[in-house]
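J.: turn this into a model:
(chains A and B)
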Amino acid sequence: MREHLKSCAQAVLDGESEIAEELARLTLEKKMDLLEVIENGFVAGIREVGKLWEEGILFLPELVMGAEAMKAAMELLQPALETEGSDREKVGHVVIGTIEGDIHDIGKTLVATMLSANGFKITDLGADVPAVRFVDEAEKNDADCIAISALLTTTMPGQKKVIEELDKRSMRSRVKVMVGGAPCDEKWAAEIGADGYAGDAVAAVSLARSLTGRG
Amino acid sequence: MSMDFREYIKGRKVLFDGGMGSMLIAAGMGEKEIPEQWNSLYPGRLVDIHSAYFEAGAEVVQTNSFGGSGLKLSASEAGRTLDPSEVNETAVRLVREALARFSPDAEAGSGEPDSSLDGGLRRFVAGDIGPSGEFFPPMGTLSAEKAKETFLVQAAALDRGGVDLFLIETMYDIREAVEALRAVREISGKPVIVELTFDRKPRGFFTLMGDTPEKAAEILSSEGADVIGANCTIQSDVAAELAGEFKKVTDLPILIQPNAGKPELSGGRAVYRQTPEEFAVDMERVLDAGADAVGGCCGTTPEFIRALRLKMDSKG
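T.: Now for the predicted structure:
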């Protein structure tokens, strides 16, 4: 088992989707403990990828490939986990998008990929998303968290509009709000009453975990 | 009398212009508009901004065509209504109009001598080419062919407009920079500058893809770039260190264009706290560290370029 866990983590670290998939299949065939393999195998791998990325040792291509390998494995394991009726904590659901008037979606997509690789359920609304739509989708999906990206100083105020809309519908207490994008920072998050700011995709995962207590 | 930029930059330090985006926002550009749209909407305002940079003492002024590749334009609602060739040709015309205010007899394709500049300084129009906005695998689906195709259209239009040189900038992926460079080389023998964008990591300077200045220098010089360097992402305070890294790995002339100090938010608006003088002091160190040419990127204005001109002139 220990060897298997190490291989799973390594497959993610190497960004080897096919190997990760094969290992996931083997996990199912041999009826190994799914939670154990996910947590101490694949998730351990993606956490290491995130750590090395933050340290400037891995870069964007490795981060994306690691996340892809993680996703490939989870696509096989997730359905089994569900039929097994596993008691793995309910995963957090994050509604994510780039705010209206802003078409930058590279950073947002990266955050969505990393959140998804770390077990969050994601509703990605894309770019140029009106404030009202963030809240509509959060309501519809009973989401735990809204993540709003803004890459322009001119579109940042839109992040505040989402929070105002949540207030208006009395949803603010049950939906956390995180913001990101080049011009944002902690100060800005505090100023508009968001629950937190994340400077990159790895920080976004930690933030989403601490805000929702899930993932 | 015309002069090739390659000759011009030999044995002298050259000053480029500064930021465009923040100038356009200050001039009233709206949320849904894109900079390239303004070339046809408000040509007069563009000519004024270019003129302000020439007037501040910039020898090279860049066309407002950073996002002017077909791929980049097609990513926005506003951009989809624009014709890439027209955007780029117009962008050149607007800088040439600004240039004509200073050098009335200016001809396309020449560094124009200018009686208002001392010490034999000349003025050049650089055709600006920015990233396509798409990513190569594994991040995206961009291919070398698709990248080259879009840059060929842009480069040809800039060339027809009459640029003196090409400036490929803010490239985060060497592969894309190479395709832009090849596209330019295919249609023109004019000088080409390639700037990548680097961030400072614990282990040194790297592009988003993890490439070093050394690797960039090796590939770009073998692909025939005339000048190489870096712009955006970093601020002026660490630019000297990056210039030093380039100096160690290349014999080509080096251009460095950092951002003004990090913007701070004030009432929901970005405010650059760094003064033009502080920027100029940092940039003098960049020149001392081995850069052959300097200018500014995001947040820098004609005032920053003027302060730098004064520093460079007083040094002689």
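J.: which residue, other than its chain neighbours, is closest to residue 204?
T.: In the absence of a named chain, this looks at chain A. A:Ala198 (3.8 Å; Cβ to Cβ, 6 or more residues apart in numbering or on different chains). Every residue, glycine included, has its C-beta placed from N, CA and C.
J.: that's the other chain; I wanted chain B
T.: B:Gly204 sits nearest to B:Thr212 (Cβ to Cβ, 6+ apart), 6.7 Å away.
J.: that neighbour contacts B:Lys201, correct?
T.: No - using Cβ atoms under 8 Å, B:Thr212 is not in contact with B:Lys201; the gap is 10.2 Å.
J.: and the strands in the chain?
T.: Because you didn't say which chain, this covers chain A. Along chain A, counting by DSSP state E, strands occupy A:93-98, A:121-124, A:145-149, A:176-180, A:196-197.
J.: wrong one, I was asking about chain B
T.: B:14-15, B:60-62, B:112-113, B:122-129, B:165-171, B:192-196, B:199-201, B:204-206, B:227-235, B:254-259, B:263-266, B:269-272, B:293-294.
J.: is the longest one anywhere near chain A?
T.: No - using Cβ under 8 Å from any Cβ of the partner chain, strand B:227-235 stays clear of chain A, with a minimum separation of 9.9 Å.
J.: isn't B:Lys247 up against B:Val286?
T.: No - using Cβ under 8 Å, B:Lys247 makes no contact with B:Val286, being 10.5 Å away.
J.: look at these two and report which has more neighbours.
T.: B:Val286 (24 against 15; other Cβ atoms under 10 Å in any protein chain shown).
J.: was I right about the residue nearest to A:Ala204 contacting A:Gly181?
T.: No - the criterion here is Cβ under 8 Å, and A:Ala198 misses it with A:Gly181 at 9.8 Å.
J.: when those two are compared, which one has more neighbours?
T.: Neighbour totals were compared for A:Ala198 and A:Gly181, and A:Gly181 leads with 26 against 22 (other Cβ under 10 Å).
J.: would you mind confirming that A:Ser7 is in contact with A:Leu23?
T.: Yes - if you go by Cβ under 8 Å, A:Ser7 and A:Leu23 touch, sitting 5.8 Å apart.
J.: more neighbours: which of these two?
T.: The neighbour count for A:Ser7 versus A:Leu23, taken as other Cβ under 10 Å, is higher for A:Leu23 (26 against 17).
J.: about what we covered before: ok, the residue nearest to B:Gly204 - contacts?
T.: B:204-206, B:245 (Cβ atoms under 8 Å, 6 or more residues apart in numbering or on different chains).
J.: can you name the two of those that sit furthest apart?
T.: B:Phe206 and B:Glu245 (10.7 Å; Cβ to Cβ).
J.: those two: who's more crowded?
T.: B:Glu245 (21 against 18).
J.: the nearest residue to that one once chain neighbours are set aside - how many residues pack around it?
T.: In this structure, B:Glu245 finds its nearest non-sequential neighbour in B:Pro213, 4.6 Å apart by Cβ to Cβ, 6+ apart. For B:Pro213, the number of neighbouring residues by other Cβ under 10 Å comes to 26.
J.: how about B:Ala100?
T.: Residues lying near B:Ala100 (other Cβ under 10 Å) number 14.
J.: how close does it sit to chain A?
T.: 32 Å (Cβ to the nearest Cβ, to the nearest Å).
J.: now B:Val184
T.: From B:Val184 to chain A the distance is 25 Å (Cβ to the nearest Cβ).
J.: contacting residues for that residue?
T.: Per Cβ under 8 Å, 6+ apart, neighbours of B:Val184: B:129, B:151, B:155, B:166, B:168, B:190, B:192.
J.: find residues that contact each of A:Ser7 and A:Leu23.
T.: Shared contacts of A:Ser7 and A:Leu23 (Cβ under 8 Å, 6+ apart): A:Gly41.
J.: how about the helix or strand bottoming out on mean pLDDT in chain A: buried residues?
T.: Every helix and strand in chain A was compared by mean pLDDT, DSSP states H and E; the lowest is helix A:106-117, with a mean of 84. Across helix A:106-117, burial judged by 16 or more other Cβ atoms under 10 Å in any protein chain shown covers A:106-117.
J.: which of those residues come close to chain B?
T.: Near chain B, judged by Cβ under 8 Å from any Cβ, the entries from those are A:Ile106.
J.: distance-wise, check the residue in the stretch 1-150 of chain B positioned nearest to chain A relative to B:Leu142.
T.: Closest residue of the stretch 1-150 of chain B to chain A, Cβ to the nearest Cβ: B:Glu31 (3.9 Å). From B:Glu31 over to B:Leu142 the distance is 27 Å, taken as Cβ to Cβ, to the nearest Å.
J.: can you check B:Glu241 too?
T.: Following Cβ to Cβ, the distance that separates B:Glu241 from B:Leu142 is 31 Å.
J.: of the two, who's got more company?
T.: B:Leu142 (21 against 15).
J.: ends of stretch B:35-50, how far apart?
T.: 14 Å (Cα to Cα, to the nearest Å).
J.: show me where chain A has its helices.
T.: A:2-13, A:17-29, A:34-37, A:44-54, A:60-83, A:106-117, A:131-141, A:157-168, A:186-192, A:201-212 (DSSP state H).
J.: which strands and helices lie in contact with the shortest one?
T.: Helices and strands in packing contact with helix A:34-37 are listed as helix A:2-13, helix A:17-29, helix A:60-83; criterion 3 or more Cβ pairs under 8 Å, 6 or more residues apart in numbering or on different chains; DSSP states H and E.
J.: tell me the pLDDT of the residue nearest to B:Glu245.
T.: In this model, B:Pro213 is scored at 98, pLDDT.
J.: before we move on, back to that, which of the strands of chain B has the lowest average pLDDT?
T.: When I compare these, strand B:112-113 is least confident, with a mean of 60.
J.: residue ranges with poor pLDDT in chain A?
T.: A:85-90, A:215 (pLDDT under 70).
J.: 80 instead, please
T.: For chain A, the stretches with pLDDT under 80 are A:81-91, A:103-106, A:153-154, A:214-215.
J.: which residues does the closest residue to A:Ala44 other than its chain neighbours contact?
T.: If the residues on either side of it in the chain are set aside, A:Ala44 comes closest to A:Ala9, at 4.6 Å by Cβ to Cβ, 6+ apart. Residues counted as contacts of A:Ala9 (Cβ under 8 Å, 6+ apart) are A:40-42, A:44-45, A:48.
J.: what sits against the residue nearest to B:Leu46 when sequence neighbours are not counted?
T.: With Cβ to Cβ, 6+ apart as the criterion, B:Leu46 has its nearest non-adjacent residue at 4.5 Å, and that residue is B:Leu94. By Cβ under 8 Å, 6+ apart, the residues touching B:Leu94 are B:39, B:43, B:46-47, B:50, B:63-64.
J.: cutoff 7 Å now
T.: Applying Cβ atoms under 7 Å, 6 or more residues apart in numbering or on different chains to B:Leu94 gives the contacts B:39, B:43, B:46-47, B:50, B:64.
J.: touching stretch B:192-207 from outside, list them.
T.: By Cβ under 7 Å, 6+ apart, stretch B:192-207 touches A:55-56, A:59, B:165-172, B:174, B:177, B:181, B:184, B:212-213, B:216, B:220, B:225-234, B:238, B:242, B:245, B:255, B:257.
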